[in-house]
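Participant: can you look at this prediction? I've put the sequence above it.
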Amino acid sequence: MSTNTELLQNQLAAELSEAREPKDIEALRVKYLGRQGLIAGEVRGTDFSTLSEEEKREAGRRVSSLKAFAEAAIGEARAKTEERAARARRRGLVDLTLPGTGARAGSLHPVTQTQMFLEDVFQSMGFRVETGFEVEDEFYNFDALNIPGDHPARDMHDTFWLEDGRLLRTHTSATQVRAMRMYGAPLRAVFPGRCFRNEATDTSHETTFHQFEGLMIDEDVTVATVLAVMEALLRQVFGREVSVRLRPGYFPFVEPGFELDLRCLICGGNGCRVCKQTGWVELMPCGMVHPNVLRAGGIDQDRYRGFAFGLGLTRLTMMNFSIPDIRLLGSGDLRLLDQFPAVL
Ligand code: DAH
């Protein structure tokens, strides 16, 4: 027994010096000090009836001192590994074998989602998609669209001018004449994209916004074609019948020109901030392409007529997703964007 307690003490000391992790130390505690452990086994394995009183006392002392040694050594080793772990954590060492935190899935901006959806609808009706240029020539943004320099319509557009005389396009109509010159007639095309105006912002105005322009040039295009295409489109966009109204509207590049209004989808027509309490949202100006514009585009006017529309892509997105303030869209605020899961 005497040699056994010494052996056990040495063996425990050796094993403790190898232990690195708190769990190794706990395993040693169970192995030596547990109820079925080696020290208890040592006591159980001794036949005390063969020992003299003196020998019994001696055996008892040895076991007690072995136990005391084991408790102290294990306690000390545990403190050491915990200190080492804390130091590693402070140095930022990470356990690469642990499972990671899940990667965050991005999503498409609600305006992008609406744009992609519209592109699909129009492509299914035979329209091509052209994005045009955000930095435009004055000619395509204004002159070619029957808006000469002294025309009062230029007042409607507070333009960001560049130092070289070009500008940030104020509307996607700027791509109309470019497309006519590039593709000729017949032509079915839509022009989605960002537009810019130097104006005061509020819940429905921003300096940067999106439009979605449409142009159709063919032999027998009439106002009835405009209505048929628009009805087909809006039914698909909203997935239900919607209320619209046409008012005469003036735009230099169409004749006749119209305003297509949509009954406000946010308040159902009762009046709210978005529709400025009128119950109607100006959704889309449109009209028959003005002869001067067809001429600028090199289109044979004896054969062809065209219609055009300028859809407020930003406004449509707000309607569709019930977003009450246009400024949220460009804010980059994840509390908004997180609400639009990826659709691909
Ligand atoms: N470009 C016009 C604007 O931004 C909108 C517009 C009006 C486009 C009439 C059109 C149209 O195609 O026919 O205010």
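Facilitator: Yep, it's here. Numbers count the residues shown, from 1 in each chain.

Participant: near the ligand, which residues of the stretch 101-250 of the chain are found?
Facilitator: 171, 173, 213 (C-beta under 6 Å from any ligand atom). All C-beta spots, glycine's among them, are computed from the backbone N, C-alpha and C.

Participant: which ones are touching the second one?
Facilitator: Under the criterion of C-beta atoms under 8 Å, 6 or more residues apart in numbering, the contact partners of S173 comprise 141, 145, 213, 253, 308, 310.

Participant: also G184?
Facilitator: 298-299.

Participant: S243 now?
Facilitator: Contact analysis of S243 by C-beta under 8 Å, 6+ apart lists 262-263, 269.

Participant: after the helix or strand F212 falls within, which helix or strand is next? Please name it.
Facilitator: For F212, the enclosing helix or strand under DSSP states H and E is strand 208-218. Later in the chain than strand 208-218, the nearest helix or strand by DSSP H and E is helix 223-238.

Participant: give me the neighbour count for the closest residue to the ligand within the stretch 201-344 of the chain.
Facilitator: When distances are taken as C-beta to the nearest ligand atom, the stretch 201-344 of the chain reaches nearest to the ligand at G310, 2.4 Å away. G310: 23 surrounding residues under other C-beta atoms under 10 Å.

Participant: and the helices in this structure?
Facilitator: Using DSSP state H, the helices of the chain run over 2-18, 22-33, 38-44, 53-91, 110-124, 138-141, 174-183, 223-238, 291-296, 313-321, 334-337.

Participant: weakest of those by average pLDDT?
Facilitator: The stretch with the lowest mean pLDDT among the helices of the chain is helix 223-238, at a mean of 81.

Participant: also compute the angle for it relative to helix 110-124, please.
Facilitator: If you take axes from the mean of the first three to the mean of the last three C-alpha atoms, to 10 degrees, helix 223-238 sits at 130 degrees to helix 110-124.

Participant: buried ones in helix 223-238?
Facilitator: 225-227, 229-230, 233-234, 237 (16 or more other C-beta atoms under 10 Å).

Participant: so which elements touch it?
Facilitator: helix 110-124, strand 208-218, strand 244-248, strand 254-263, strand 280-289, strand 305-312, helix 313-321 (3 or more C-beta pairs under 8 Å, 6 or more residues apart in numbering; DSSP states H and E).

Participant: the ones you listed: which one's closest to R166?
Facilitator: Closest approach to R166 among the helices and strands packed on helix 223-238 is made by strand 208-218 (17.1 Å; C-beta to C-beta).

Participant: direction included, what does that closest one pair up with?
Facilitator: Partner strands for strand 208-218, per DSSP bridges, with pairing direction: strand 187-196 (antiparallel), strand 305-312 (antiparallel).

Participant: quick one: residues in contact with the last one.
Facilitator: Spelled out, that is strand 305-312. For strand 305-312, the surrounding residues in contact (C-beta under 8 Å, 6+ apart) are 118, 171-173, 176, 185, 187, 209-223, 225-226, 229-230, 253-254, 260, 282-289, 294, 299.

Participant: over to the longest one?
Facilitator: The list of residues contacting strand 187-196 from outside it, by C-beta under 8 Å, 6+ apart, reads 115, 118-119, 122, 125-132, 134, 160, 168-172, 175-176, 179-180, 183, 207-218, 306, 313.

Participant: what of stretch 41-50?
Facilitator: Stretch 41-50 has contacts (C-beta under 8 Å, 6+ apart) with 1, 4-5, 8, 56, 59, 63, 66.

Participant: how far off centre is it?
Facilitator: Chain-centre distance of stretch 41-50: 73 Å, with C-alpha atoms, centre = their mean, to the nearest Å.

Participant: would you mark the buried spots in it?
Facilitator: By 16+ other C-beta under 10 Å, the buried positions in stretch 41-50 come out as 42, 46.

Participant: quick check: end-to-end length of it?
Facilitator: In stretch 41-50, first residue to last residue: 18 Å (C-alpha to C-alpha, to the nearest Å).

Participant: for R78, which residues are in contact?
Facilitator: By C-beta under 8 Å, 6+ apart, the residues touching R78 are 22, 25-26.

Participant: by neighbour count, which of the residues you listed wins?
Facilitator: Per-residue neighbour counts (other C-beta under 10 Å) across the contacts of R78 peak at I25, which has 23 neighbours.

Participant: can you list the domains in the chain?
Facilitator: The chain resolves into domains spanning 2-91, 110-337 when parsed by automatic domain parsing.

Participant: mind putting these in JSON lines, distance to L98 included?
Facilitator: Formatted as JSON lines, the domains of the chain follow (distance: least, C-beta to C-beta, whole Å):
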{"stretch": "domain 2-91", "distance to L98": "13"}
{"stretch": "domain 110-337", "distance to L98": "26"}
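
Participant: most neighbours per residue, which of those?
Facilitator: domain 110-337 (a mean of 18; mean count of other C-beta atoms under 10 Å).
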